[in-house]
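Engineer: any chance you could fold what I've pasted below:
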Amino acid sequence: MNTYIRRAIEESIIKKLQPNKVVVLLGARRVGKTLLLNYLIENSIHEPYVFLNGEDMAVQALLAQRTAENYKRLLGDKKLLIVDEAQKVEGIGQILKLMVDSIEGLKVIATGSSVFDLANKSGEPLTGRKYTFKLFPLAQMEYSTNESMVQTRAKLEERLIYGCYPELVHLPSNQEKATYLNEMADAYLLKDILEFDGIRNSDKMFDLLRLIAFQIGKEISLDELGRQLAMSRNTVEKYLDLLSKVFVIYKLPGFSRNLRSEITKTNRWYFYDNGIRNALIRNFNPLSIRNDAGELWENYVLAERVKYQSYTNKQMTNFFWRTYEQQEIDWIEESGGKLMAYEIKWNPAKTVRVPPAWTKAYPESSFQVIHPENYLDWIS
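Structural biologist: As a prediction, this is how the structure comes out:
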């Protein structure tokens, strides 16, 4: 029997599942949204419900008749509606708004693997009526409920290479994990994007992702990417935006407040999951024969920090920092007027000093090095 790993946002979802409100659950394909819904239905939500799959054309046709009477007939006496892959339903925002405004006591959960319709187009109609949660590949704070510290340490290399998609827990061999991730990258990664806005050029998008995969921790020049891909700067920017909206990559902007020499015009891009990054470059070699262990560590631990911030509702803004004199810091967090600086290092023995320009400009800030011996305190 497969072990279910409890997700960090379960209690928050239940708490926000209120009459005449919509809980929106966003996350990449295969991160476990449907599995989470099924678990909540079986263990926490003890009431009759209607479950609809937004990818089903019959469901799309059923919801297309936008009248309160149609939706009341659909629900009958049930007061809980669950719509999986809701972004596939045209005008889902307006549909859900009509439902919660016209059916007294109705509670809704809607999931989506992209933010095209669910967050963007439905954002305005559902203002004041929705609570949004993000679900990521498994986080260390979730693994920790099922494993000891010794097991966590032993699993670190595996997670740096194969990532944290839930299905990997049930695959016994590394070969099966690699096969699964290759299939994920080839078949599912860009599915939502290629169905959106008539975009057809998946090869260019894969090429763009591979270029980013080799530039973890470095500033990304849109003009340079455009030259390498024979694309316009605007197209590169559009593709990066789309890839962030399906939760493949996320942007880290440059921080600046005081110094003329601070770099702010470029961004760094990271993958939400190491396994997807490695599938794109077809490299699942062990760390002992890789030359990118530092990049894998940086991508992994920063993604874990993003998950931790989201799941614990930490209101922080994240940046990197670098000057034209090559002084830099990997990760800056700004919260409540306070600045916290972090340098990410794979080698715990490496001596790291705070850049003098940072100390001079921001003397009140804190500074810490995150490495394999102390990272668990930072991400769980």
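
Engineer: does Tyr342 belong to a helix or a strand, and which?
Structural biologist: Assigned by DSSP states H and E, Tyr342 belongs to strand 338-344.

Engineer: what score does Tyr4 have for pLDDT?
Structural biologist: pLDDT, Tyr4: 87.

Engineer: can you count the residues close to it?
Structural biologist: For Tyr4, the neighbour count with other Cβ atoms under 10 Å is 16. Quick note: C-beta positions are derived from backbone N, CA and C, even for glycine.

Engineer: please apply the same query to Pro19.
Structural biologist: 11.

Engineer: try Leu62
Structural biologist: The burial count for Leu62: 15, using other Cβ under 10 Å.

Engineer: what sits against it?
Structural biologist: Contact partners of Leu62, counting by Cβ atoms under 8 Å, 6 or more residues apart in numbering, are Leu52, Asn70, Leu74.

Engineer: again with Ala185
Structural biologist: Ile276, Ala279, Leu280.

Engineer: Met340 too?
Structural biologist: Met340 makes contact with Ile332, Glu333, Glu334, Ser365, Ser366, Phe367, Gln368, according to Cβ under 8 Å, 6+ apart.

Engineer: any figure for the gap between the residue nearest to the fourth one when sequence neighbours are not counted and Glu333?
Structural biologist: Distance criterion Cβ to Cβ, 6 or more residues apart in numbering; nearest residue to Ser365, sequence neighbours excluded, is Leu339 at 3.8 Å. Between Leu339 and Glu333 the distance is 7 Å, computed by Cβ to Cβ, to the nearest Å.

Engineer: cool, and Val89?
Structural biologist: 37 Å.

Engineer: neighbour count: those two, which is higher?
Structural biologist: More neighbours surround Val89 than the other of Val89 and Glu333, with 26 against 19 (other Cβ under 10 Å).

Engineer: now the more buried one: closest residue in space that isn't a chain neighbour?
Structural biologist: Gly54 (4.6 Å).

Engineer: got the phi/psi numbers for that neighbour?
Structural biologist: Here is the backbone geometry of Gly54 (degrees, to the nearest 10): phi -60, psi -20.

Engineer: thinking again about what came up before, export the strand holding Tyr342 as CSV, just CAs?
Structural biologist: Below are the C-alpha coordinates for strand 338-344, written out as CSV (Å, rounded to 0.1, in the frame of the first residue of the first chain):
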residue,chain,number,x,y,z
LYS,A,338,14.2,44.0,7.9
LEU,A,339,16.8,42.6,5.6
MET,A,340,18.2,39.0,6.0
ALA,A,341,21.0,37.9,3.7
TYR,A,342,22.0,34.3,3.0
GLU,A,343,24.8,32.8,1.1
ILE,A,344,24.2,29.3,-0.2
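
Engineer: how about that strand: buried residues?
Structural biologist: Residues of strand 338-344 classed as buried by neighbour count (16 or more other Cβ atoms under 10 Å): Leu339, Ala341, Tyr342, Glu343, Ile344.

Engineer: out of those, which is nearest to Ile5?
Structural biologist: Nearest to Ile5 among the buried residues of strand 338-344, counting by Cβ to Cβ, is Ile344 at 25.5 Å.

Engineer: just the strands in the stretch 101-250 of the chain please.
Structural biologist: Using DSSP state E, counting those that start in this stretch, the strands of the stretch 101-250 of the chain run over residues 107-112, 130-134, 249-253.

Engineer: adding mean neighbour count and mean pLDDT, write the ones you listed out as CSV.
Structural biologist: Converted to CSV, the strands of the stretch 101-250 of the chain look like this (neighbours: other Cβ atoms under 10 Å; pLDDT from 0 to 100):
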stretch, mean neighbour count, mean pLDDT
strand 107-112, 25, 95
strand 130-134, 19, 93
strand 249-253, 17, 96
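
Engineer: now the ones you listed as a markdown table including distance to Leu243?
Structural biologist: Shown next, in a markdown table, are the strands of the stretch 101-250 of the chain (distance: least, Cβ to Cβ, whole Å):
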| stretch | distance to Leu243 |
| --- | --- |
| strand 107-112 | 16 |
| strand 130-134 | 16 |
| strand 249-253 | 5 |
